[in-house]
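Enquirer: only geometry, no sequence info:
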Ligand code: PMP
């Protein structure tokens, strides 16, 4: 099954969507990306894009920061994405990667006097962390201070350094601290701790991306389990004493953390709250729980 891309205003096979080497964003990280999941419901033979609008709302915020004049409205972005996903015709879980970028074939470090364009492509992508119990390590790489927490391509170099440091040390994922030494997030996920019956997650002011899965989990914990989430500073040491820890992200879904810095969390097992949230989330993203149907955009016309 071929993948398709929406590129330079046309839907074309993904392998034909190529960019000139002088394109500005490739050199200076002047792009904004998103990651959206399409989740396959086998019984209904339908693919659902999860919280599509919210992803594009976040992307438009990132575009504001980079002075990218997005050539499409929010509705048009959603519409293009449904069309390119439908054209790809996958019957499995997929990942959608939109990118808004400085498209001028012109070098020079700046945001001004450059054209911008938007592309989006679709491809099958299984579990991101590829483990049901992640072994994590606190990274020696910290987020730089006063950097906007948006999905700006150039910012992800720190995350890439952290991830490779973790994997080369035999771990699954890196936990990143901010410049003040507080816990911020994983290299591609938000982090939650369960302690004394409450969920805790670092606030946006401590550097994490404000994840859409993070927001989903906060709502589900409150509405379905009656558990409040406190957004506050988290010290590295607190991680070791948490009752449960899990990571959240579009790619990683809800991934339990079994170990941090070689200390077992929840005895190395999946904690009870994590398990409940995982089950709720797994049903909601394939539109099995009709209460949250408004979060699921069907791709195929029936
Ligand atoms: N933090 C980082 C650094 C990420 O790249 C992601 C993935 N987008 C997340 C958190 C989780 O965000 P979301 O739930 O919106 O995918």
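Expert: Structure's in. What do you need? Every value quoted in this text rests on a predicted model; they were computed, and no experiment measured them.

Enquirer: quick one: the strands in the stretch 1-150 of the chain, in order.
Expert: Using DSSP state E, counting those that start in this stretch, the strands found in the stretch 1-150 of the chain span residues 4-7, 10-13, 31-33, 36-41, 46-50, 94-102, 116-124, 134-138.

Enquirer: any idea how far the residue nearest to residue 68 when sequence neighbours are not counted lies from residue 62?
Expert: Distance criterion C-beta to C-beta, 6 or more residues apart in numbering; nearest residue to residue 68, sequence neighbours excluded, is residue 116 at 4.2 Å. (C-beta placed from N, C-alpha, C; glycine too.) Note on residue 116: its distance to residue 62, by C-beta to C-beta, to the nearest Å, is 12 Å.

Enquirer: which neighbours do those two share?
Expert: Common contacts of residue 116 and residue 62 (C-beta atoms under 8 Å, 6 or more residues apart in numbering): 68, 100.

Enquirer: neighbours around residue 113, how many?
Expert: Residues within reach of residue 113, counting by other C-beta atoms under 10 Å, total 9.

Enquirer: again but with residue 64, I slipped
Expert: Residue 64 has 13 neighbours, counted by other C-beta under 10 Å.

Enquirer: next one: it from the ligand, what distance?
Expert: 18 Å (C-beta to the nearest ligand atom, to the nearest Å).

Enquirer: likewise for residue 20?
Expert: From residue 20 to the ligand the distance is 27 Å (C-beta to the nearest ligand atom).

Enquirer: what of residue 60?
Expert: For residue 60 relative to the ligand (C-beta to the nearest ligand atom), the value is 14 Å.

Enquirer: I'd guessed that residue sits against residue 72; true?
Expert: No: taking contacts as C-beta atoms under 8 Å, residue 60 lies outside contact range of residue 72: 9.7 Å.

Enquirer: skipping adjacent residues, who's closest to the residue of the stretch 51-200 of the chain found nearest the ligand in space?
Expert: Taking C-beta to the nearest ligand atom, the ligand has its nearest neighbour within the stretch 51-200 of the chain at residue 188, 4.2 Å off. Spatially, and ignoring its direct neighbours in sequence, residue 188 is nearest to residue 249 (5.6 Å; C-beta to C-beta, 6+ apart).

Enquirer: just the pLDDT at that neighbour, thanks.
Expert: Looking at residue 249, its pLDDT is 98.

Enquirer: beta-bridge partners for it, please?
Expert: Counting by DSSP bridges, residue 249 forms beta bridges with residue 253.

Enquirer: show me the contacts for it.
Expert: 35, 128, 186, 188-190, 211, 213, 255.

Enquirer: cool, and residue 27?
Expert: When contacts are counted by C-beta under 8 Å, 6+ apart, residue 27 touches residue 107.

Enquirer: swap in residue 204?
Expert: 149, 210, 231.

Enquirer: any idea which of these is closest to residue 294?
Expert: residue 210 (19.8 Å; C-beta to C-beta).

Enquirer: next one: the closest residue in space to the closest one that isn't next to it in sequence from the ligand, what distance?
Expert: Spatial nearest neighbour of residue 210, chain neighbours left out: residue 204 (5.2 Å); criterion: C-beta to C-beta, 6+ apart. The gap separating residue 204 from the ligand is 11 Å, by C-beta to the nearest ligand atom.
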